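1. Model the following, please.
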Amino acid sequence: MNERHDPRELVRRQSRVRGMMLGLALGETLGGARGRLPDSGPLRGGVSTQLACFTAEGVIRAQVRGNHKGICYAPGVVLHAYCRWAFLQGIEAEKMRRRWNPSGQPTWPDGWLAGVPALAERRGSAPATVTALSRIDQRQERMATPSRGCHALTRGLPIAVTGIGGIAQAGAVAALTHGDAAAQAATVHAAVLAHHCLTHSSRERGASARDALHDGIAALPSAGQPITDDEHRSLLATFRHAVDEPANAARLAQLAPNPSAPSALLGGLYVAASFPDRADLRAALEFAARAPDGESVACVTGALLGAVHGGEALPVDLISRHELAWVLDTLARDLVMELEDSPSGSEYVPAWDPHWWDRYPGW
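-> Presented below is the predicted three-dimensional model:
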């Protein structure tokens, strides 16, 4: 049987993408609570998780558009997704309406994701993203702020699913709102590492994340993604620190001292490589949550380890309480489905799911 159409292989890919999406969300929630969650009740998602949901939806809609129109600038479709989030949040709602719905159609914001109540609630601050989106009536190249903030990276993690070719767009998606070159580079590098975690071949019992992370770091200079010698050395040194002195709180604070994208990348890499085994995933998230900016570091840690070990490895008692678990699970499943088999068809192929375009309109 062709591996691409092997149902067991499809389940494996879905498990890993689910693990990445659910892991980033649970990590952010744990980080926001500094690792001290309430014993009962729902767990709230954070702003990185909200934005990551819209990144995933934007990736799906860009793929739909490309299939039907033959051409698509994916970052522009993802920008539209972020603007739907902003509209739901009440951020410059009239500007958003004028930009995307000038004729006053009652169906905008469209797509199923816009109907999720928790995504319309304020769950933290993303100042660079909000400031840039507030300039939606300006030329796109003038929107971005000079920010190096972590949200450029954390919200961009779902782009890892698209593969090395699609990851080339991760920097452009970050640049929609974050003009700092280091933030854009860290976003691309995190997506490459997450991609290697998603595609690492070993899933036997006891598989470690270190092999996937090591392979990802080694592949960066030849992956077609821009990386300086200093950036590559920094990633290699961080990995070596995790192997030689794992779970050292002082080292984590040194590597990830602030809520910037480079700090989130190095902190997440350090923790994931410090706790590479499936059985240690909860401990990894709890340790990451104690970083100076626990939300971003635990978010990246959860995404990397969830991508290696799959959604089933995440703590059931916590994931089952997360308010966006079903949303993230659905987006993960639909990401894989769109990239594998285009349910809405294409310009020349009829849809096998007649409702897919309504769920993910291609614009």
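2. What's the end-to-end length of stretch 308-321?
-> End-to-end span of stretch 308-321 (C-alpha to C-alpha, to the nearest Å): 22 Å.
3. Same question for stretch 241-256.
-> Distance between the boundary residues of stretch 241-256 (C-alpha to C-alpha) amounts to 13 Å.
4. Only the buried residues of it, if you could.
-> Using 16 or more other C-beta atoms under 10 Å as the test for burial, stretch 241-256 gives His241, Ala242, Pro246, Ala247, Asn248, Arg251, Leu252, Leu255, Ala256. Quick note: C-beta positions are derived from backbone N, CA and C, even for glycine.
5. Same question for stretch 106-124.
-> Under the neighbour-count criterion of 16+ other C-beta under 10 Å, stretch 106-124 has Trp108, Pro109, Asp110, Gly111, Leu113, Ala114, Val116, Leu119, Arg123 buried.
6. Widest-spaced pair of the buried residues of stretch 241-256?
-> Farthest pair in these (C-beta to C-beta) is Pro246 and Ala256. Separation: 14.9 Å.
7. rewinding a little: filter the buried residues of stretch 241-256 down to just the ones in helices.
-> Counting by DSSP state H, the buried residues of stretch 241-256 place His241, Ala242, Arg251, Leu252, Leu255 in helices.
8. what residue ranges in the stretch 51-200 of the chain score low on pLDDT?
-> By pLDDT under 70, the stretch 51-200 of the chain has no low-scoring segment.
9. again, 80 this time
-> The model of the stretch 51-200 of the chain has pLDDT under 80 over residues 140-141.
10. Against Ala25, how distant is the residue nearest to the spatial centre of the chain?
-> Nearest residue to the geometric centre of the chain (C-alpha atoms, centre = their mean): Leu157, 2.5 Å. Using C-beta to C-beta, to the nearest Å, Leu157 is found at 10 Å from Ala25.
11. just the helices in the stretch 251-363 of the chain please.
-> 261-274, 281-288, 294-309, 316-319, 325-341, 356-359 (DSSP state H, counting those that start in this stretch).
12. which outside residues touch the fifth one?
-> In this case it means helix 325-341. 4, 10, 13-14, 17-18, 20-22, 25, 49, 53, 56-57, 59-60, 63-64, 113, 116, 118-119, 158, 161-162, 311, 319, 322, 343, 352, 359-360 (C-beta atoms under 8 Å, 6 or more residues apart in numbering).
13. Buried residues of the longest helix seen in the chain, list them for me.
-> Counting by DSSP H, the longest helix found in the chain is helix 7-32. By neighbour count on 16+ other C-beta under 10 Å, the buried set for helix 7-32 is 10, 13-32.
14. Just checking the distance from that helix to the centre of its chain.
-> 10 Å (C-alpha atoms, centre = their mean, to the nearest Å).
15. What of stretch 300-314?
-> Distance of stretch 300-314 from the chain centroid (C-alpha atoms, centre = their mean) equals 12 Å.
16. Quick one: mean pLDDT over that stretch.
-> For stretch 300-314, mean pLDDT is 98.
17. can you check stretch 235-249 too?
-> 98.
18. which residues touch it?
-> Everything outside stretch 235-249 that qualifies as a contact, by C-beta under 8 Å, 6+ apart, is 189, 210, 213-214, 217, 220, 251, 255, 265-266, 269-275, 287, 290.
19. again, but for stretch 22-30
-> By C-beta under 8 Å, 6+ apart, the surrounding residues in contact with stretch 22-30 are 37, 43-46, 48-49, 52, 154, 157, 285-286, 288-289, 294-307, 311, 314-315, 318-319, 322, 324-325, 328-329, 332.
20. To what extent is Cys83 buried, counted in neighbours?
-> With neighbours defined by other C-beta atoms under 10 Å, the count for Cys83 comes to 21.
21. contacting residues around Gly45?
-> Gly45 is in contact with Ala25, Glu28, Thr29, Ala118, Arg123, His322, Glu323, Leu324, counting by C-beta under 8 Å, 6+ apart.
22. could I get these as TSV with distance to Gly70?
-> Listed next are those as TSV, based on distance: C-beta to C-beta, whole Å:
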residue	distance to Gly70
Ala25	34
Glu28	37
Thr29	40
Ala118	36
Arg123	38
His322	38
Glu323	38
Leu324	34
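23. from those, which is closest to Cys197?
-> Ala25 (16.2 Å).
24. how much space between the closest one and Cys53?
-> Ala25 is 9 Å from Cys53, by C-beta to C-beta.
25. Touching both of the two, which residues are there?
-> Residues touching both Ala25 and Cys53 by C-beta under 8 Å, 6+ apart: Leu324, Leu328.
26. wait, isn't Leu51 in contact with Arg155?
-> Yes. At 3.6 Å, Leu51 counts as touching Arg155 under the criterion of C-beta atoms under 8 Å.
27. Of those two, which one has the most company?
-> A count of neighbours by other C-beta under 10 Å puts Arg155 above the other of Leu51 and Arg155, at 30 against 24.
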